[in-house]
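> With the input below, show me the fold.
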Amino acid sequence: MVLVTGATGFLGSELVRQLLLKGEKVRGLKRDSSVIPSILEDEETVEWVNGDLLDYYSLDYAIRGITKVYHCAALISFEQKNRKQIMKVNVEGTVNLLNVCVANNIQKFLHVSSVAAVGDSKKGELIDETHHWEFGSGQSSYSVSKYESEMEVFRASAEGLNTVIINPSIILGKNAGSEGSGQMFDTIRKGLPFYPGGSFGYVDVEDVATTMISLMESNISNERFIVSAENWTYQDLFTEIAIQTGKNPPNIALKPWMLNAARVGNGILSVLNGKNNSLTKETVRSAFKNQRYSNEKIKKALNLEFISVKDSIAEICRNYKN
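Below is the predicted model of the structure:
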C-alpha cells in the first residue's frame, strides 16, 4: 500500500486517481477539515486517514502497512505574515514524515518540491538541476521552505532512506479551482488588459502525476528532477488564455513600478478589509524575471513526452465553457 500526503489537493488528488487506475492500494492522508475533491468522491477504494504533518504520532499511525510514500502536502503562500507557519508545515512537517519513514524502513519516498528551490539562470541559459539555490533577500518564505525541506530529504537519504525529488514548475489543470494557476485563469477570463514582462515554465498536472509514479516504480534513487513541459512568456500565455476564453488579448505591458504601486495599494486595502494581499515584493519581482527551465534530465531518464501547454490551456478553457 502507498501513502499520499496532501491527497485532497490539486496534484495529490490527480496522483491518487492515476494510482487507483493502475490498481494500487492507496491510503490518503488528510486534515480533519479537508474536503474530498470531486474527482475522488466516488472512489470508495481510497483509505482515508486523518493526520497532521506536525503531529508525529498521527504520521506514525498513518504509515503502518505502507511501503512507499508520495509527499505532496505543503503550505503555499507568498505573504510574509505566513512565514512562520510555512516553515513549520513545509520543513518541520517534512522532517516528521521523513523520520517516521526512516524508523519504519519505507521502501521509497518521493518528495514534491518546486522550481522555487532551484537556482536562477545565468546569462539567459536554461535552468537545470545543476543550478544552485542561493539564499538572499529576493527569496520568498515558500522558496526558503522548499529548499530547506529538500536538505532534510538529502539528510534522510544519507541515513538510508531511498528518496527522489521532483521540482515542478507552475502546474496547470482543469481541477485547479480558484487557487494557484486556477486563479490566473479566472482573472484572465474576466478580462485583463495587462501583462508582465517575464517568463516561466508550465506543466500539466497529469504529466506531473505520471512522472511521479514512473519515478517511484523505477530504480532511480537519490536524484532530483525538474518537471516542466514548456517555457512561455507571460504575454504569450495570457494571450492564449484570453483567445481560448473569447476575451481580448492583453495589450498593455506592465512596468515594475506599476505592480509595486498596486502592491502598496493592495496592502493598505488588506489592512482595512481583512483580505489577503496576493501581491508581495517576491511575486512582483518574479513577474519580470525570465525563468526558463530545462526538462532534458527527466525526459532522458523516463523517455517521456509532455502534454503541450497549448493543449493544457485548451482543456482548461473547455472546462470553463462546460
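
> Need the phi and psi values for residue 18.
Note on residue 18: backbone dihedrals following degrees, to the nearest 10 are phi -70, psi -40.

> My read is that residue 178 contacts residue 189, right?
No - with contact defined as Cβ atoms under 8 Å, residue 178 does not reach residue 189; the gap is 11.5 Å. For the C-beta atoms, the positions are set from N, CA and C on the backbone; glycine is no exception.

> higher neighbour count, the two?
The neighbour comparison of residue 178 against residue 189 (other Cβ atoms under 10 Å) goes to residue 189, with 18 against 9.

> Give me the spatial nearest neighbour of the more buried one, chain neighbours excluded.
Closest residue to residue 189 apart from its sequence neighbours, by Cβ to Cβ, 6 or more residues apart in numbering: residue 245 at 4.0 Å.

> Show me the shaky parts of the stretch 51-200 of the chain.
Applying pLDDT under 70 to the stretch 51-200 of the chain flags residues 80, 136-138.

> can you give me the strands for it?
68-71, 108-112, 163-168, 170-172, 194-195, 199-204 (DSSP state E, counting those that start in this stretch).

> Highest mean neighbour count out of these?
strand 68-71 (a mean of 26; mean count of other Cβ atoms under 10 Å).

> How about the contacts made by residue 104?
By Cβ atoms under 8 Å, 6 or more residues apart in numbering, the contact list for residue 104 reads 60, 63, 64, 66.

> Repeat the analysis, applying 6 Å as the threshold.
By Cβ atoms under 6 Å, 6 or more residues apart in numbering, residue 104 lies in contact with residue 63.

> how close does it sit to residue 37?
28 Å (Cβ to Cβ, to the nearest Å).

> hmm, back to that, same list (the strands of the stretch 51-200 of the chain) but as TSV, adding distance to residue 8.
Below are the strands of the stretch 51-200 of the chain laid out as TSV (distance: least, Cβ to Cβ, whole Å):
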stretch	distance to residue 8
strand 68-71	13
strand 108-112	14
strand 163-168	18
strand 170-172	16
strand 194-195	33
strand 199-204	20
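
> right, and those strands - which one's nearest residue 253?
Taking Cβ to Cβ, strand 194-195 is the member of those nearest to residue 253, at 6.4 Å.

> For that closest one, give me every contacting residue.
By Cβ under 6 Å, 6+ apart, strand 194-195 touches 234, 235, 238, 250, 252, 254.

> how about 10 Å then?
By Cβ atoms under 10 Å, 6 or more residues apart in numbering, the list of residues contacting strand 194-195 from outside reads 188, 233-239, 242, 249-255, 258-259, 262, 287.

> So which residues of the stretch 201-322 of the chain form strands?
Using DSSP E, counting those that start in this stretch, strands in the stretch 201-322 of the chain cover 223-227, 230-233, 252-253.

> Go through these and pick out the most buried.
strand 223-227 (a mean of 22).

> now that strand, how far from the chain's geometric center?
13 Å (Cα atoms, centre = their mean, to the nearest Å).

> Quick check: which helices or strands does it pack against?
helix 141-158, strand 163-168, strand 199-204, helix 205-217, helix 296-302 (3 or more Cβ pairs under 10 Å, 6 or more residues apart in numbering; DSSP states H and E).

> Convert the C-alpha atoms of the second one to CSV, please.
Just to be clear, that refers to strand 163-168. The C-alpha atoms that make up strand 163-168 are tabulated as CSV, following Å, rounded to 0.1, in the frame of the first residue of the first chain:
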residue,chain,number,x,y,z
THR,A,163,14.4,9.0,-2.0
VAL,A,164,13.7,11.0,-5.1
ILE,A,165,12.7,14.7,-5.5
ILE,A,166,10.8,16.4,-8.2
ASN,A,167,10.7,20.2,-8.8
PRO,A,168,7.6,21.0,-10.8
